[in-house]
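Novice: Mind looking at a prediction? Sequence and model below.
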Amino acid sequence: MEMMAVEEIREERMGIGGEGVKLETPVIVLNEKAYAESMGEKGFELAEICEEVAVEKGVNIAICPQQVELAMIASMVNIPCFAQHVDAVEPGSHTGFVTLESVKESGGKGSLVNHSEHRLKIAEIDYIIKKAARLNLLTIVCTNNIAVSKAVAEMKPYAIAVEPPELIGTGRAVSKVDPGIVENTVREVKQVDAGSVVLCGAGVTNGEDVRAAIELGADGVLLASGVVKAKDPRAALLDLVSGL
């Protein structure tokens with residue numbers, strides 16, 4: 001399918017021209033997780049670094065701040081901010097849960113869904129994808145293999161991020177260690193849903209890893225520790241964007 005046709009599918013799905021948003025690709029999505037290195041002031045600094053690098057290099061970067069700081073950081077920077085998790089519940093009597101409505105009110109553009117460190121049931125994933133689309137929010141659904149990625153693609157999320165759990169945080173990039181899972185996931189997902197953004201993650205730490213992912217057909221990467229736990233996060237991010 002031609003690139004223009006794919007972009008039209010994405011825009012139609014997210015209501016572009018109204019309240020809808022989208023991720024420009026190729027993109028780096030940084031998940032700050034619950035690391036001590038991304039708490040409080042450090043999290044704000046990371047967000048500012050991401051914005052500065054995005055502007056300086058003319059690249060696309062999105063961030064997933066720690067949940068309690070999503071609203072504050074979303075109000076501080078002009079790059080897309082995502083929740084790290086959202087629950088499949090309606091607003092109401094649900095102590096400690098995160099609703100899609102609250103993410104939207106906070107200024108978030110969407111949420112990660114089903115990260116390997118916060119798994120959800122299939123019914124919950126489907127609920128979140130459909131409701132997020134109605135609210136003009138983006139979903140980045142994490143998967144762990146080709147079969148799951150293909151199944152999730154049937155639900156029409158905005159993006160799928162394939163991450164073999166055994167490689168997360170290892171510094172061994174999936175795009176190099178297991179390039180087949182990236183290439184085949186892209187092929188299978190695009191056959192089901194040509195408009196879906198496909199990211200790859202797990203062990204991505206430098207520009208070569210990013211370049212390898214893009215060459216395999218991915219629209220970008222999802223990573224965390226490679227930047228968040230780096231001695232010099234700005235230098236690490238500059239290295240990563242060199243691969244876009």
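Specialist: That came through fine.
Novice: only C-alpha atoms for contact and neighbour calcs from this point on.
Specialist: OK.
Novice: Quick check: Cys142 is in a strand.
Specialist: Yes. Under DSSP: H, G, I helix; E, B strand; the rest coil, Cys142 falls within a strand.
Novice: Quick check: closest non-adjacent residue to it.
Specialist: Computed as CA to CA, 6 or more residues apart in numbering, the closest residue to Cys142 that is not its neighbour in sequence is Ala161, at 4.7 Å.
Novice: now for the helix or strand where the one you found lies, which elements pack on it?
Specialist: Element membership of Ala161, judged by DSSP states H and E, is strand 159-162. Packing partners of strand 159-162 (3 or more CA pairs under 8 Å, 6 or more residues apart in numbering; DSSP states H and E): strand 138-143, helix 146-153, strand 197-201.
Novice: CA atoms only for the next helix-or-strand element following that strand, dumped as PDB, please.
Specialist: Moving toward the C-terminus from strand 159-162, the next helix or strand (DSSP H and E) is helix 174-177. In PDB, the C-alpha atoms belonging to helix 174-177 read as follows (Å, rounded to 0.1, in the frame of the first residue of the first chain):
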ATOM      1  CA  VAL A 174      15.900  -7.000  19.700                       C
ATOM      2  CA  SER A 175      16.700  -5.400  16.300                       C
ATOM      3  CA  LYS A 176      20.100  -7.200  16.400                       C
ATOM      4  CA  VAL A 177      19.600 -10.200  18.600                       C
END
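Novice: buried set for the helix ranked longest in the chain?
Specialist: As assigned by DSSP state H, the longest helix anywhere in the chain is helix 40-57. Residues Gly43, Phe44, Glu45, Leu46, Ala47, Glu48, Ile49, Cys50, Glu51, Glu52, Val53, Ala54 are the ones in helix 40-57 that count as buried (16 or more other CA atoms under 10 Å).
Novice: One more: stretch 21-37?
Specialist: Neighbour-count burial for stretch 21-37, counted by 16+ other CA under 10 Å, picks out 21-23, 25-33, 37.
Novice: Adding pLDDT, secondary structure and distance to Lys176, write those out as CSV.
Specialist: What follows is the buried residues of stretch 21-37, written out as CSV (pLDDT from 0 to 100; DSSP: H, G, I helix; E, B strand; the rest coil; distance: CA to CA, whole Å):
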residue, pLDDT, secondary structure, distance to Lys176
Val21, 72, coil, 31
Lys22, 86, coil, 28
Leu23, 91, coil, 25
Thr25, 96, coil, 21
Pro26, 97, coil, 18
Val27, 97, strand, 18
Ile28, 97, strand, 17
Val29, 98, strand, 19
Leu30, 98, strand, 19
Asn31, 97, strand, 21
Glu32, 97, coil, 23
Lys33, 97, coil, 24
Glu37, 98, helix, 27
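Novice: So, low pLDDT: which residues of the protein?
Specialist: 1-20, 167-169 (pLDDT under 70).
Novice: picking up where we left off before, let me know how buried the residue nearest to Cys142 is, in neighbour terms.
Specialist: Neighbourhood size, Ala161 [other CA atoms under 10 Å]: 31.
Novice: same thing with the one 5 residues further on?
Specialist: Other residues within reach of Glu166, judged by other CA under 10 Å, total 13.
Novice: what about it, distance to Gln66?
Specialist: Glu166 sits 23 Å away from Gln66, going by CA to CA, to the nearest Å.
Novice: CA atoms of the strand holding Ala161 as CSV?
Specialist: Below are the C-alpha coordinates for strand 159-162, written out as CSV (Å, rounded to 0.1, in the frame of the first residue of the first chain):
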residue,chain,number,x,y,z
ALA,A,159,0.4,1.3,17.5
ILE,A,160,1.9,-2.0,18.4
ALA,A,161,5.3,-2.3,20.2
VAL,A,162,6.8,-5.8,20.0
